[in-house]
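**Q** Output the structure for:
(chains A and B)
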There are 2 protein chains.
Amino acid sequence: MILFVDMDEVMADTYNAHIEHYNAAFNETLTLEECMGHEVYQKVPEERQKSIWQHYYKEGFFRSLRPIEDSIHVLQELQKKYDVYIASAAMQFPNSLLEKHQWLDEHFPFIHWRNRILCGDKHILRGDLLIDDRSHNLEKFEGKSLIFTSPHNIHTSQFERVNNWNEIGDTLL
Amino acid sequence: MILFVDMDEVMADTYNAHIEHYNAAFNETLTLEECMGHEVYQKVPEERQKSIWQHYYKEGFFRSLRPIEDSIHVLQELQKKYDVYIASAAMQFPNSLLEKHQWLDEHFPFIHWRNRILCGDKHILRGDLLIDDRSHNLEKFEGKSLIFTSPHNIHTSQFERVNNWNEIGDTLL
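**A** Predicted coordinates:
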C-alpha cells in the first residue's frame, strides 16, 4: 500500500515559521491564535503581505523549519507497514529543492531518496493514500485523502481529518 | 492525456557528456561508437570507473548538458496536445535538483513548474504514457511505455522504441 505524505504544514512547521519571521521583521506580536482559520498573510496589513511571500525565497527558510510534533516516530512506524513516499510541491520555490532534501536527511534520514518526490501538481501521483493540508491537492487524488489540520484549514469539512501525528498513528497503525 | 518525459538521455545528452568529461580528465579519445550497447563506465579501465560516477556529483554537470536534438520544438508541439510532465529521477544526486530546474528554465521555459517532477522511483506516477531510456522505469509504469534510444539500451527489445524526437513527433502528433 502506497502512502504519500506532504511536507509543509504536515511534517514541517511552515505556518509558525511565517509568524516568527514576520514578528522578527516588523517587531510585531502576531500569535497563532489570531491567525486561526486564515493564512498568515491574511492577518497582516496589506502593505506587508508581500513580505510573507518573500519568506519562501529566503535562503535557509525551509532548511530551518521545525518538524511537526510526533511526525518522526510515527513516520518511522508507518514505514514498517506502508510504502511511504514524501510528496512536496516544491517546484514553485527552486531554492527549496536542495533545502528540502537536506532537511529530510537531517530529520527523516530513514526516508530513502527513492521515496522522495518534489513536484508541482500532485494529481500525477499513483497510490492509495495522501495526507496533505491543502484541499486542492486532496481533491484531485484518486486514492483516499486525509486532511492534516493546519491553522489555515480548520473550517474545511470536505475530507476525513487527522489533527496530529498521533491521530495518524491511531488511524493507520 | 498525461504524458511523462524523462530528462537524462531523453531531453538532456548525459551520455555524450560522460564521454567528453572522461576524455578531458584522462586525455583519452573514447568515442560514442566504441560505447554502443554499454554504459560509458563499462568501456573504461576498471580503476577509472569511479571517475565516471563522480561526474554526477560535479557542480555544473547537469546544468551544462546539451538538449537532445529536436527535443525542444517537438516538446513544444506535444504540449499543445497532451498534459506534458517532466519526470526525472534526480533524488540520487541532490546537487542536480536546482541545476535540473534551472536547465529546464533555460532550454524548456515553456514547461511550467507545476509540470516538473523530481523523484526517485517512477512507479508512483499516474498517467497515460512514459518516454524513458531506462527499462526499470518503463517496466513498472501502468500506462503505455516508449523506450527512447540511448547508446546503452540499443539491445533492449522489451518496449516500443522511438529512436529520436522526430519519431516521437511522428508517433504522437
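
**Q** What's the separation between the closest residue to residue A:38 other than its chain neighbours and residue A:166?
**A** Excluding the flanking residues, the one nearest residue A:38 by CB to CB, 6 or more residues apart in numbering or on different chains is residue A:152, at 6.3 Å. Heads up, the C-betas are built off the backbone N, CA and C, glycines and all. Distance, residue A:152 to residue A:166, by CB to CB, to the nearest Å: 21 Å.

**Q** How about the residues of chain A by chain B?
**A** Those residues of chain A that sit near chain B, judged by CB under 8 Å from any CB of the partner chain, are A:2, A:4, A:85, A:91-92, A:94-95, A:97-98, A:101-102, A:112-121, A:123-127, A:142.

**Q** And the strands in chain A, which stretches?
**A** A:2-5, A:83-88, A:116-118, A:129-132, A:144-148, A:160-162 (DSSP state E).

**Q** Dump these into a markdown table; add mean neighbour count and mean pLDDT as well.
**A** Listed next are those as a markdown table, based on neighbours: other CB atoms under 10 Å in any protein chain shown; pLDDT from 0 to 100:
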| stretch | mean neighbour count | mean pLDDT |
| --- | --- | --- |
| strand A:2-5 | 24 | 98 |
| strand A:83-88 | 23 | 98 |
| strand A:116-118 | 25 | 97 |
| strand A:129-132 | 24 | 98 |
| strand A:144-148 | 21 | 97 |
| strand A:160-162 | 14 | 98 |
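
**Q** What are the neighbouring residues in contact with the residue nearest to residue A:60 when sequence neighbours are not counted?
**A** Leaving aside its chain neighbours, residue A:60 sits nearest to residue A:99 (7.3 Å; criterion: CB to CB, 6+ apart). If a contact means CB atoms under 8 Å, 6 or more residues apart in numbering or on different chains, then residue A:99 has A:60-63 as its contacts.

**Q** How about residue A:5?
**A** By CB under 8 Å, 6+ apart, the contact set of residue A:5 is A:11, A:75, A:84-87, A:130-131.

**Q** redo that, cut-off 10 Å
**A** A:11, A:71, A:75, A:78, A:82, A:84-88, A:108, A:111, A:115, A:129-132, A:146, A:148, A:168 (CB atoms under 10 Å, 6 or more residues apart in numbering or on different chains).

**Q** From what I see, residue A:56 and residue A:100 are in contact.
**A** No: with contacts counted by CB atoms under 10 Å, residue A:56 stays clear of residue A:100, the gap being 11.8 Å.

**Q** which one of the two has more residues nearby?
**A** Using other CB atoms under 10 Å in any protein chain shown as the criterion, residue A:56 and residue A:100 rank with residue A:100 on top: 25 against 15.

**Q** could you pull out the helices for chain A?
**A** Taking DSSP state H to define them, one finds helices in chain A at A:14-26, A:32-35, A:49-55, A:71-81, A:96-107, A:135-139, A:165-172.
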